[in-house]
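Peer 1: model this:
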Amino acid sequence: MAATYLPTLKQLQYLVALKDHGHFGRAAEACFVTQSTLSAGLRELETLIGVVLVERTRRVVRFTPLGDGIADKARRVLREAEELGDMARAAGQPLSGDMRMSVIPTIAPFMLPRILPRLRKDYPDLKLFLREEPSGPACEGLHNGRTDCVLLALPYACGEVTSETLFEDRLFVAYPSGEEPTALPAIPASAIDETRLLLLEDGHCLKDHALGACNRPELRAEATMLGTSLHTIVQMVDNGLGITMLPEMALKAGILDNTNITARPLDEKNAVRRIALVWRRASPREKDFRLMAKALADVQ
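Peer 2: Okay, the predicted model is just below:
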């Protein structure tokens, strides 16, 4: 019987990295190898299966139609291979070994400083690798196998996932001191001046949560969307350039310290976002992720 030569996982990893980065140098960096090593591995893969997967020019990396299909299949094979390791880890000590977690930018700076010391103390054998990115890329990375779980805010369409809600995070309206429109302890959406509203740009789910809670279509049309961080928006509000909406966790973390900003709760029925940990449905490490979710919730 003739020997069957199969692609190696390393070759498939090189192919997927090149697909993701569209550049040999960046793909090699992502795989922690030299560019020549990655290029040689891909040529060996093409020779093995007898087809050209990537058209190489000096300026452009272009996948052939068959190369696109094989890269997608390779991604699924790599994810299945990773789950073999997940099964072994799940059978061992709880919350030990490597875990890759993506965290969205409107959670990471406010929650991580409180939870990481506790995790290090309670689970010293856990190696938690963190990646800060918006909800869309985080969910894409989850399904592509780049990350194991995502700490994000719901509602958000993250695909076929299992989620564990940690707590509710109330939304507040933040004004330059003295500009509050009412003496009431909470601000109704009808009192928000849409021409003064500063929000994060598309891709940040906090913007969608804030606008959805207000249920005022004109806010979406008139608000100024900024490709920046909450910390930068707070500085703009403090300088009288507008108003914004902030999550309660940011207030508790001191984002308004040393400013002249006043924040009051948004007085609407759905003026909260649900902070949750999500992972791929039917993951072998579900027990680990539920334990992680409990650990995160207990720190609150």
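Peer 1: same for the longest strand seen in the chain, what does it pack against?
Peer 2: As assigned by DSSP state E, the longest strand anywhere in the chain is strand 161-176. Packing partners of strand 161-176 (3 or more Cβ pairs under 8 Å, 6 or more residues apart in numbering; DSSP states H and E): strand 149-154, helix 205-214, helix 230-238, strand 244-247, helix 248-252, strand 261-265, strand 272-280, helix 286-298. The C-beta positions use only the backbone N, C-alpha and C, and glycine is treated the same way.
Peer 1: what is the orientation angle of that strand with strand 149-154?
Peer 2: Interaxial angle, strand 161-176 versus strand 149-154 (axes from the mean of the first three to the mean of the last three Cα atoms, to 10 degrees): 50 degrees.
Peer 1: Figure out how far the helix or strand following strand 161-176 is from the centre of its chain.
Peer 2: Moving toward the C-terminus from strand 161-176, the next helix or strand (DSSP states H and E) is strand 198-200. Computed by Cα atoms, centre = their mean, to the nearest Å, the chain-centroid distance of strand 198-200 equals 19 Å.
Peer 1: How about stretch 201-212?
Peer 2: In terms of Cα atoms, centre = their mean, the centre of stretch 201-212 is set 14 Å apart from its chain centre.
Peer 1: ditto for stretch 178-190
Peer 2: 33 Å.
Peer 1: can you list contacts of that stretch?
Peer 2: Identification of contacts with stretch 178-190 by Cβ atoms under 8 Å, 6 or more residues apart in numbering yields 173, 175, 191-193, 213-216, 219, 240, 243, 262, 264-268.
Peer 1: Quick one: buried ones out of those residues?
Peer 2: Using 16 or more other Cβ atoms under 10 Å as the burial test, the contacts of stretch 178-190 include 173, 175, 192, 213-214, 216, 219, 243, 262, 264-268 as buried.
Peer 1: which two from those residues end up farthest apart in space?
Peer 2: Farthest apart among these by Cβ to Cβ are 216 and 262. That separation is 21.3 Å.
Peer 1: List just the nearest of the buried ones among the contacts of stretch 178-190 to residue 279.
Peer 2: Looking across those and measuring by Cβ to Cβ, the closest to residue 279 is residue 213, at 26.6 Å.
Peer 1: what's the burial count for the closest residue to residue 104 other than its chain neighbours?
Peer 2: Excluding its sequence neighbours, the residue lying closest to residue 104 (Cβ to Cβ, 6 or more residues apart in numbering) is residue 152, at 4.9 Å. Neighbours of residue 152 under the rule other Cβ atoms under 10 Å: 26.
Peer 1: OK, contacts around residue 152?
Peer 2: Residue 152 neighbours (Cβ under 8 Å, 6+ apart): 102-104, 107, 135, 138-139, 158, 205, 275-276, 278.
Peer 1: Who does the longest strand of the chain pair with, and is each partner parallel or antiparallel?
Peer 2: Paired strands of strand 161-176, with direction, are strand 244-247 (antiparallel), strand 261-265 (antiparallel), strand 272-280 (antiparallel) (DSSP bridges).
Peer 1: Thank you, goodbye.
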